[in-house]
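Give me coordinates for this.
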Amino acid sequence: RDARSGLFCKSLCFYAYTIVKNVFGLARWPFPCSCGEVFLAAAASAAAAKMEDYDPDLEQELMRRTGLKRPQELCGISAAIVVDNIPKVDQDRLPKLKAVIMKVMSRFGKIVGEPYFPTDDKGTTKGYAFLEYRSEKEAREAVATANGYRLDKLHVFAVNLLTDLEKYRDIPDEFTPPKEETFTLEENLRSWLLNSDGHDQFATLYRQGEMCTIFSNTPNEPQFVHEKEYWTEKFVRWSPQGNFLASLHQQGVILWGGEKFDKKRRLFHMNVQMVDFSPCERYAVTYNGAPDNDTEPQALTVWDLRKNEKIRTFNARQNKEWPILKWNFDGSLFGLMSENMISIYESLTCKLLDKKSLVIKGIKHFSWSPTDNIIAYWTPEESSVPARVALMELPSRNEIRTMNLFSVADCKIVWHGQGDYLAVKVDRFINNRKKATVANFEVFRIREKQIPVEKVELKDVVQGFAWEPHGNKFAIIHEPQGSHGVSVSFYEMGAEKLKLVKTLEKKPVSHIFWSPQGQFVVLAGLKQNNGVMEFYDTSDMTLMNVTEHLMATDIEWDPTGRYLVSQVSWWMQKVDTGYITWSLQGRLLQRHSVDRFCQLLWRPRPKTLLPDEEVKRIKRDRKEYTKIFEIKDRMNLTKASKALVEHRRRLMTDFTEYRRRVEEEMNEAAEACRRELRGEEEAYANEYDEEQVEFLVKVVEEVIVK
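From the prediction side, this is the model:
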């Protein structure tokens, strides 16, 4: 047999020795075996000496006695890789080089035996090595990940499968054109956007998760779109642009899409618990909560949705904050935080950006800008070193702004939706006992020169914070010290300075829900606050309506900001489950009681393809469009009313005709029964006598006086 560069697994070596020992009576180990090398020439020579006496059936008997199995011919070949561009060293430095290579390459899987380093006549390595993994899968993952790994300034690994060398060696001299594949037009995943009335869709999960139904949000009643029983085992989630609906199962995640919601992708990841998508929807990440394992990471898996392939797996590093893997604004990069480190990867290859991580001692949290390749992070105080908030540009790694903070208990980083501002909520200790805390905000103006910072001093306990999506306002729910109520303060980022717009005192609210288009906001008291909802127009701080949805657990705005849904989820509240649809002014439109209702999710809309100038023009001419749409809405309502009246008229006509027909049948049956009882013949059945009788009914006398 061909020794294939001397790289075979040890099981083959022991198997060959056992066969030769039992068949040919060899009492010693006949093969030079070092670092997994097996040379079968000696076995072949010994076998040639006694081949005439060899029984072919004896091999099966020996395997039965020894308990050994015949190894595959390519046992160590398909799982073997070649690492090129490694340092050339002599025999004295070879053990150290082996240790380094083992440390680097063992990150991608378990290595069988030790690496094999070919040497020249002087005993110096030739600059490449052979390694064998437990399986071909691990070998391919090592090639995909370690190729291009920078060991130092002079050595960048070039990693290939050993079988690839044979494939490239046997390339034919004549070119054979590839077979032309038949083009298959994929289904339009955005067909739902072609609705002429622009109705949005939403998914509902009910009956304790057994049923999932997709509806279209039509004016009178939701219009049925699609339904499936046992669609998911846990919950469902829309992708960021609404192209896919993800369902979670024991074996992994299934992505559904198209007009009939067919299966589009399968992501196999056992015991999956969570799923997340990149903003561009090309990539996804699944999480199953597996413990950290440096040899075989399994907790996080990154997928390429276009190819429907796994790219790489990661450990969760005991990170309890979801999402663990955080995407940048366009999905081209993602970051993973571990102890004293942020690792930024390129999404396409899952390789480290610039081949190295960001070392940040004590880092607690980081967050991407929603519009730029900028990360914001903070580190806590340590002895005499203050806490620190920093902004860093990527890939240059330049810190464009830093700020030191003192007496810090915790920080929360919240980006503005357009990346114009950054708010950092700072919880500070009141005294040296470090028990009670108060909060204030540091607000960064990202677009301005040198990024100035403004401060909001509250000295209160902050319960909620939210930026206006398309605007320059933000709202804070805070509880003043010594007060028995909650206040809500609205601030505006003016051109020159930050200013307080208005403070609403003693409000029974716990959450802030801004409209996706800005301006309108709902202050809600969910769960224990009895579902109180206050609708505000923040352009002039007008209170439009106050209503409630008893025991409401969540609130969802539709993508257009025209409708709001409050819901009572069976996951949190076991009675009165269902949802209510409201207008943006707080007017009740629809009420639906649903059996064991769990979840309602609006289908997201992708970003508009119109240029900014066109969007500004449409907003400027909004009044003209409003008149057109109001007329169309009235026509739709009229059509709906006419259709309803016509339907009722048709039902009444059908009922009248049915009643007339039944009455005729009853009359005929009664007449036949009467004739049968009287014994009348058919000929005289219709003969009868007429008799006129007159009698006095009443006499009235009237006296007329002239």
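
Tell me where the stretch 301-450 of the chain has strands.
309-314, 325-327, 333-338, 341-346, 351-352, 358-359, 365-368, 374-379, 387-393, 399-405, 408-415, 421-429, 437-445 (DSSP state E, counting those that start in this stretch).

Turn those strands into JSON lines, columns for distance to Gly561.
Placement of C-beta: from N, CA and C, glycine included. Output for the strands of the stretch 301-450 of the chain, formatted as JSON lines (distance: least, Cβ to Cβ, whole Å):
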{"stretch": "strand 309-314", "distance to Gly561": "36"}
{"stretch": "strand 325-327", "distance to Gly561": "25"}
{"stretch": "strand 333-338", "distance to Gly561": "29"}
{"stretch": "strand 341-346", "distance to Gly561": "34"}
{"stretch": "strand 351-352", "distance to Gly561": "40"}
{"stretch": "strand 358-359", "distance to Gly561": "38"}
{"stretch": "strand 365-368", "distance to Gly561": "24"}
{"stretch": "strand 374-379", "distance to Gly561": "27"}
{"stretch": "strand 387-393", "distance to Gly561": "30"}
{"stretch": "strand 399-405", "distance to Gly561": "32"}
{"stretch": "strand 408-415", "distance to Gly561": "20"}
{"stretch": "strand 421-429", "distance to Gly561": "21"}
{"stretch": "strand 437-445", "distance to Gly561": "25"}
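
Of all the ones you listed, which one comes closest to Leu588?
strand 408-415 (31.8 Å; Cβ to Cβ).

From the contact counts, what lies against the closest one?
With contacts taken as 3 or more Cβ pairs under 8 Å, 6 or more residues apart in numbering; DSSP states H and E, strand 408-415 sits against strand 365-368, strand 374-379, strand 387-393, strand 421-429, strand 453-467.

And the contacts of the shortest one?
If you take Cβ atoms under 8 Å, 6 or more residues apart in numbering as the criterion, strand 365-368 is touched by 321, 326-329, 335, 337, 342, 374-378, 411-413, 415.

If we use 6 Å, what do you get?
Lys326, Asn328, Met337, Ile342, Ile375, Ala376, Tyr377, Ile413 (Cβ atoms under 6 Å, 6 or more residues apart in numbering).

quick one: the residue lying closest to the fourth one once chain neighbours are set aside from Gly335, how far?
Among residues not flanking Ile342 along the chain, Leu358 sits closest, at 4.4 Å (Cβ to Cβ, 6 or more residues apart in numbering). Leu358 is 9 Å from Gly335, where distance means Cβ to Cβ, to the nearest Å.

Please apply the same query to Tyr287.
According to Cβ to Cβ, Tyr287 and Gly335 sit 15 Å apart.

what's the answer for Pro452, then?
Pro452 is 26 Å from Gly335, by Cβ to Cβ.

same check, this time on Trp415
Counting by Cβ to Cβ - Trp415 and Gly335 are separated by 14 Å.

what do you get for Ser515?
30 Å.

Also Asp292?
In terms of Cβ to Cβ, Asp292 sits 18 Å off from Gly335.

Neighbour count: these two, which is higher?
Gly335 (22 against 13; other Cβ atoms under 10 Å).

picking that back up, mind picking the two most distant members of the contacts of strand 365-368?
Asn328 and Ile413, at 15.0 Å, using Cβ to Cβ across these.

Give me the more crowded residue out of the two.
Using other Cβ under 10 Å as the criterion, Asn328 and Ile413 rank with Asn328 on top: 22 against 17.

Next, count neighbours for the residue nearest to the more buried one when sequence neighbours are not counted.
Nearest residue to Asn328, sequence neighbours excluded (Cβ to Cβ, 6+ apart): Trp368, at 4.9 Å. By other Cβ under 10 Å, 21 other residues sit near Trp368.

what bridges to Trp368?
With DSSP bridges as the criterion, Trp368 is bridged to Ile375.

so what pLDDT did it get?
On pLDDT, Trp368 comes in at 96.

what's the burial count for Met392?
Other residues near Met392 come to 21 when the count uses other Cβ under 10 Å.

Pull the contacting residues for Val188.
In this structure residue 188 is Asn, not Val. Contacts of Asn188 by Cβ under 6 Å, 6+ apart: none found.

Are we agreed that it is in a helix?
No. Using DSSP: H, G, I helix; E, B strand; the rest coil, the secondary structure at Asn188 is coil, not a helix.

which phi and psi does it have?
phi -70, psi 110 (degrees, to the nearest 10).

got any ranges where the stretch 401-550 of the chain has weak pLDDT?
Along the stretch 401-550 of the chain, the parts satisfying pLDDT under 70 run over 432-436.

pretty sure Cys212 is touching Tyr206, no?
No. Counting by Cβ atoms under 6 Å, Cys212 does not reach Tyr206; the two are 8.0 Å apart.

remind me which residues of the stretch 1-150 of the chain are low pLDDT?
In the stretch 1-150 of the chain, residues with pLDDT under 70: 1-76.

Recalculate using a threshold of 80.
1-77, 107-109, 144-145, 150 (pLDDT under 80).

Glu229: how many residues sit nearby?
Per other Cβ under 10 Å, the neighbour tally for Glu229 reads 9.

Next one: the residue nearest to Ile342 from Leu422, what distance?
Applying Cβ to Cβ to Leu358 and Leu422 gives a distance of 19 Å.

again with Arg622
30 Å.

More neighbours: which of these two?
Leu422 (24 against 11).

Apart from its neighbours in sequence, what residue is nearest the more buried one?
Phe444 (4.2 Å).

Distance check, the one you found against Asp420.
10 Å.

Please say which of these two ends up with more neighbours.
Phe444 (22 against 19).
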